[in-house]
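Peer 1: coords please:
(2 chains)
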Amino acid sequence: MSAARQAALPSSPTSAPAPGPAFVDFVDVEKSYDGRTFAVTRLNLGVARGEFLTLLGPSGSGKTTTLNMLAGFERPTSGTITLEGRPVDRLPPYQRNIGMVFQNYALFPHMSVAENVAFPLSVRQVSKADIAGRVGRALDMVRLKQFGDRKPAQLSGGQQQRVALARALVFEPSLVLMDEPLGALDKKLREHMQLEIKQIHTMLGVTIVYVTHDQSEALTMSDRVAVFNNGAIAQLGAPDDLYNAPQSSFVASFIGENNTLEGVVDRVSGKECRVKLTGGGELTALAIGVAQGSACHVAIRPERLSLAPAGANALPATVDGRIYLGDHLRLLARLGNDQVLTVKVGPEATMANGEAVTVSCAAQDCRAFPADAAAAKAGPP
Amino acid sequence: MSALQPSELDRPALARGRPAAGADPKTASAALRRAEFGDRLRSLALAAPLLLLLALSFGIPIVLLLSRAVYDPTIADALPRTSQALGNWNGQGLPDDAAYIALAADLSNSQAKGTAYELAKALNARLPGARSQVLKTVRQLEGAAGKPPLDIMKAVPFWSAPGTWPTIANGTHALTSFYLLSALDLRWNADGGIERVPPEQAIFLQVFLRTFFVAAAVTLATLLLGFPLAYLIASVPKGLAAILIVAVLLPFWTSILVRTAAWTVLLQKFGLVNGLLLWLGFASERLDLMYSRIGLIIAMTHIQLPFTLLPIYSVMRTIAPSQMKAAYSLGAKPFTAFRRVYLPQVFPGVMAGCLLTFILCLGYYITPALIGGASDQLISNFIANYVNVELNWEMAAALSFILLVFTLALFGIFARILGLDRLKMV
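Peer 2: Now for the predicted structure:
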């Protein structure tokens, strides 16, 4: 792990802001397009130098608006954005010196690949000889040196995206923004490009703010992920932190796969609580902001469930279906209350449909969140 | 760096194609041709009605009309004996008496067939004043009452004037360059060379230049008005864009005659435009907008605006907003981004729109006829005049031919500069 990444990681696994003076800082930023509803509300977000930060969320959650405000294409309705300590609110995009990669690549179709990459240098009045060298190195970095004379339309999607990457990096910006850059590529190529972008990030030590709605992409690439929901950050943290310790039922269901059980909190004792499930059955779960007597959602990862009749929570169930996935097997286990749990077991499991089993899990693997939607939207504490 | 190796997946689709195992490329391509032959035949059959209509209603008439510019058998047909008699004339001085007798016989014959007037007109086109002389001679020959034709001919001084016989000799060749040269204000001189016609007879070059000037002025005006408007329409939300497009097209859906008539109302000395200018204080006295070059350009600009605007708009609409965003984010100031990213991509549309308007302006007829003054008549007005009034179809064909050649040459230059495939019509 590079020094830059070390510095970028928060000191605690919870969603604390990045240590030290932030490289990019959003302070109480709000954005409204129509004066009534807010695309982004009360956004406070710091990005450390050299960090790979991903803004993750469903469409309409405010992540692209946030990126556009940083790039300078949108102006915040209120609040301030600073870049290296300087407020940039009044700075037009062409003076911000931020590289940007667009979802549709936005390569200039009338220019060759080399001319595209040379564009940011030529508008900065860099000398011709200097441009040639730097364009060559940038194309070399993305392994497209021999394609300089081609037009963008003659390249494949992945090659075009690499040109866009070279173009956004060639003028050595300290910050690069990427707006769903891999959205148009197929799955295998997307995974390959994720690694490439990650490599370039490590190699150049550049700060990257990356927007995606693909949670696996966010987990793969990021130092930290800010999960957006309804215009606010639902949770900010390292990928493992988000996966293992979601702070709301929204984050729990958006990141990775989760079983959700409905119930009512019977009693809260310390960090744990006892939940009476709707339709029968009880279990002990970690209490994440739930109050006694309130409705709650209990989230359990399929891989944390087991069929061994041990553990704090043991629920009787019958096998309702088997999904064979090669390296593992998914069993659909129907509980007594008719809720169905997905259980991830080894491929050698022999349970047949209709067979009675006991599904169990540890209390710390069950997370009880308030059931009301408003609580799910709330930001981190 | 292993992750940076280009992926096997990440190649243009073509590069991944492999020849079918064991297939001989030759037989494969033959099979492909066979397979595609049916498709081609079907496409051709679908296009056939249009091609047929074009050939019958467009191609053949144009060829027939234009051929009259170089093929005029009127004189040769009317004077068969004369052409034979002139066969061994050297073109110097006057021909021998046999030619006079042959001409007299031809004239009598044409009077009997009722083609004398046509002959007189055809000669008159080449030799002004010939009409009355021919008709007079024909009448004298008819009422000759035994007087020898030769004497009658010799008695009319016209038939012994220096220019007469060379003109007749030239006219007996059915293929002629006379009309094409005339259309360019040129003629054959007595020594067999090409010379300019005297300034007082030269009209067409000036008219061609005027036509090109008006077309260029109108094209420029529509571009200046249309480009910003197209940009606006391409950038506003869809609903507003639809309203603006309708506003642009609304005049387009009205007859050109109606629009031209409306302009005659507006541009009159006591019309709305003059009244408004006076009221706003932009003019101190009523301007002569009607029957003037400026009025003509105003009216034509109005009529041509959609033709320039629509191709530009259709290209602008295809340019993603992210193009300009990308340019800004890469450090280009708005004007630089416009000049280096936006304009080159819009350029084919601009060219197509301007070319369309320019070429259409070259053929304007109604508007100059109604709004232009006597000195604002364009080449089409002259062509129409030759067809409708003078009944000199040969001259009309020659002017049309020259106009067509200019137009095609222009189109060729544009296509060469830009590449025909990049010329984006609507």
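Peer 1: domain ranges for chain A?
Peer 2: A:3-244, A:257-372 (automatic domain parsing).
Peer 1: contacts only, for B:Leu107.
Peer 2: The contact partners of B:Leu107, by C-beta atoms under 8 Å, 6 or more residues apart in numbering or on different chains, come to B:Ala116, B:Leu119, B:Val134, B:Thr137, B:Val138, B:Leu141. Placement of C-beta: from N, CA and C, glycine included.
Peer 1: circling back to that earlier point, ranking the domains of chain A by burial, who's on top?
Peer 2: domain A:3-244 (a mean of 20; mean count of other C-beta atoms under 10 Å in any protein chain shown).
Peer 1: return the helix or strand in chain A with minimum mean pLDDT.
Peer 2: helix A:3-8 (a mean of 40; mean pLDDT, DSSP states H and E).
Peer 1: again with chain B
Peer 2: Per-SSE averages on chain B (mean pLDDT, DSSP H and E): minimum helix B:13-16, a mean of 46.
Peer 1: tell me what the helix or strand hosting A:Ser253 is packed against?
Peer 2: A:Ser253 belongs to helix A:249-254 when assigned by DSSP states H and E. When contacts are defined as 3 or more C-beta pairs under 8 Å, 6 or more residues apart in numbering or on different chains; DSSP states H and E, helix A:249-254 sits against strand A:224-229, strand A:232-237, strand A:259-269, strand A:295-300, strand A:366-370, helix A:373-377.
Peer 1: touching the first one from outside, list them.
Peer 2: The one in question is strand A:224-229. Residues contacting strand A:224-229 (C-beta under 8 Å, 6+ apart): A:8-10, A:18, A:45, A:51-58, A:61-63, A:66, A:218-219, A:233-239, A:242, A:250-251, A:254-255, A:376-377.
Peer 1: phi and psi next, for the residue lying closest to A:Asn313 once chain neighbours are set aside.
Peer 2: Closest residue to A:Asn313 apart from its sequence neighbours, by C-beta to C-beta, 6 or more residues apart in numbering or on different chains: A:Leu283 at 3.9 Å. Main-chain dihedrals, A:Leu283, degrees, to the nearest 10: phi -150, psi 160.
Peer 1: again with A:Ala285
Peer 2: phi -140, psi 160.
Peer 1: what about it, distance to chain B?
Peer 2: Using C-beta to the nearest C-beta, to the nearest Å, A:Ala285 is found at 40 Å from chain B.
Peer 1: isn't that residue up against A:Arg367?
Peer 2: Yes: at 6.1 Å, A:Ala285 counts as touching A:Arg367 under the criterion of C-beta atoms under 8 Å.
Peer 1: what do those two both touch?
Peer 2: Common neighbours of A:Ala285 and A:Arg367 (C-beta under 8 Å, 6+ apart) are A:Val298.
Peer 1: now residue 364. Nearest residue, chain neighbours left out?
Peer 2: Went with chain A since none was named. A:Gln364 sits nearest to A:Leu286 (C-beta to C-beta, 6+ apart), 5.9 Å away.
Peer 1: oops, chain B please
Peer 2: Closest to B:Tyr364 by C-beta to C-beta, 6+ apart is B:Leu378, at 5.7 Å.
Peer 1: what is the burial count for that neighbour?
Peer 2: 28 (other C-beta atoms under 10 Å in any protein chain shown).
Peer 1: quick one: the longest helix along chain A near chain B?
Peer 2: When chain A is parsed with DSSP state H, its longest helix is helix A:187-204. Yes: using C-beta under 8 Å from any C-beta of the partner chain, helix A:187-204 reaches chain B at A:Lys188, A:Leu189, A:His192, A:Leu195, A:Glu196, A:Lys198, A:Gln199.
Peer 1: follow-up on the earlier one: just curious, which of the contacts of B:Leu107 is nearest to B:Arg42?
Peer 2: B:Leu119 (53.8 Å; C-beta to C-beta).
Peer 1: and the pLDDT for that closest one?
Peer 2: As predicted, B:Leu119 sits at a pLDDT of 86.
Peer 1: check contacts around B:Phe252.
Peer 2: So B:Phe252 contacts B:Pro306 (C-beta under 8 Å, 6+ apart).
Peer 1: let's see 10 Å
Peer 2: By C-beta atoms under 10 Å, 6 or more residues apart in numbering or on different chains, B:Phe252 lies in contact with B:Val246, B:Arg259, B:Ile303, B:Gln304, B:Leu305, B:Pro306, B:Phe307, B:Leu309, B:Leu310.
Peer 1: of all the residues in the helix or strand B:Thr308 falls within, which ones are buried?
Peer 2: According to DSSP H and E, B:Thr308 maps onto helix B:293-316. Residues of helix B:293-316 classed as buried: B:293, B:295-316 (neighbour count, 16 or more other C-beta atoms under 10 Å in any protein chain shown).
Peer 1: please apply the same query to stretch B:156-170.
Peer 2: B:Phe158, B:Trp159, B:Thr164, B:Trp165, B:Pro166, B:Thr167, B:Ile168, B:Ala169, B:Asn170.
Peer 1: which residue packs closest to the second one, ignoring adjacent ones?
Peer 2: Translated: B:Trp159. B:Trp159's closest residue in space is B:Met153 (C-beta to C-beta, 6+ apart), at 5.2 Å.
Peer 1: what's the answer for the fifth one, then?
Peer 2: Of all residues not flanking B:Pro166 in the chain, B:Gly91 sits nearest, at 6.2 Å (C-beta to C-beta, 6+ apart).
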